[in-house]
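1. Need the 3D shape of this:
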Amino acid sequence: MRKLTLWQKMCRRESPQHYADKDGKLKAVLGKREMMAMGIGTVIGAGVFTMPGIVAAEYAGPAVVISFILAALIAGLAALAYAELASAMPFAGSVYSWANVIFGEFVGWLAGWAILAEYLIALALVSSAWSSYFQGFLSSFGFELPRFFQASVNLNQGTGFDLFGALSILLIGYLACCGLKNIARIENWLVIGKILVIILFILVGLTAVQVNNWVPFIPQHQPGTHFGGLSGILAGRHKYFLPILDLIQSQLIQPK
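-> Below is the predicted model of the structure:
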């Protein structure tokens, strides 16, 4: 058998049947209801109450709604692309497997590490945000953690370990080891709670609407910044699009 060069190994493409055979051992435990709940639960995350305000203040102003619409359109096109690949190659692995089949092992290797890094960073951000929310909730009852355990390492603020963030990751990891079906049941109930909170948030927010803040609807661009004008809207769209793309990828890691 002829020995392959390094370049040939990097460009070697995996057979789709290889992944199909491996997936034959997997059991599909998530149905349409569970997948929908998982998607909604991912969208209504830690930043749902803060991201619109950040984008409005730092990028688009009242035109933040246009950033919303543009991000939704782009994310929809990305979702269609993912859905097409998932239907053509319906096996686990998402971008990692598809890149191995289409481009070769090296591109698949890069895609796999990129996805791993992406989820590690996202996991850290979400757990940290949840910890902050939970600490705020407990503080309303007069309970406060020692400063060192309130957040990750920050010598200037005297913090060193995010206790609640770490505990949340360990809990989710334990539930994942017990099976996805258990997580799906919990997620279904959490989604119901999240939707009720969103409805309450909208009803309360309606009482604080000030129409005069909508003028000018598209603020004038401020040179040297990303605020205002078309560039502000596009920068705000970019802020929205990345979390939505994370959601699309998470929903198609196992398209079966």
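2. what about the nearest residue to Ile186 once chain neighbours are set aside, how many neighbours?
-> Distances taken as Cβ to Cβ, 6 or more residues apart in numbering put Leu175 closest to Ile186, at 7.0 Å, once the chain neighbours are dropped. All C-beta spots, glycine's among them, are computed from the backbone N, C-alpha and C. Leu175 has 15 neighbours, counted by other Cβ atoms under 10 Å.
3. Which of the three states applies to Leu175?
-> Under the three-state scheme (DSSP: H, G, I helix; E, B strand; the rest coil), Leu175 adopts helix.
4. Quick check, it in contact with Ala184.
-> No - taking Cβ atoms under 8 Å as the definition, Leu175 is not a contact partner of Ala184, at 10.1 Å.
5. May I have the residues that are in contact with Tyr19?
-> Contact partners of Tyr19, counting by Cβ atoms under 8 Å, 6 or more residues apart in numbering, are 89, 91-93, 97, 101.
6. Let me see the confidence value for it.
-> Here, the pLDDT recorded for Tyr19 equals 83.
7. now the one 4 residues further on
-> On the pLDDT scale, Asp23 is placed at 80.
8. The one 4 residues further on too?
-> Reading off the per-residue confidence, Lys27 sits at a pLDDT of 78.
9. Confirm it sits in a strand?
-> No - assigned with three-state DSSP, Lys27 falls outside any strand and is coil.
10. where's it relative to Gln8, distance?
-> 36 Å (Cβ to Cβ, to the nearest Å).
11. Among these two, which residue is more densely surrounded?
-> Higher neighbour count among Lys27 and Gln8: Gln8, with 11 against 8, using other Cβ under 10 Å.
12. Quick one: residues contacting that one.
-> Taking Cβ under 8 Å, 6+ apart as the test, Gln8 contacts no residue whatsoever.
13. What residues does the residue nearest to Ile186 make contact with?
-> Contact partners of Leu175, counting by Cβ under 8 Å, 6+ apart, are 182-183, 186.
14. Give me the distance between stretch 175-187 and the centre of its chain.
-> With Cα atoms, centre = their mean, to the nearest Å as the basis, stretch 175-187 stands 19 Å off its chain's centre.
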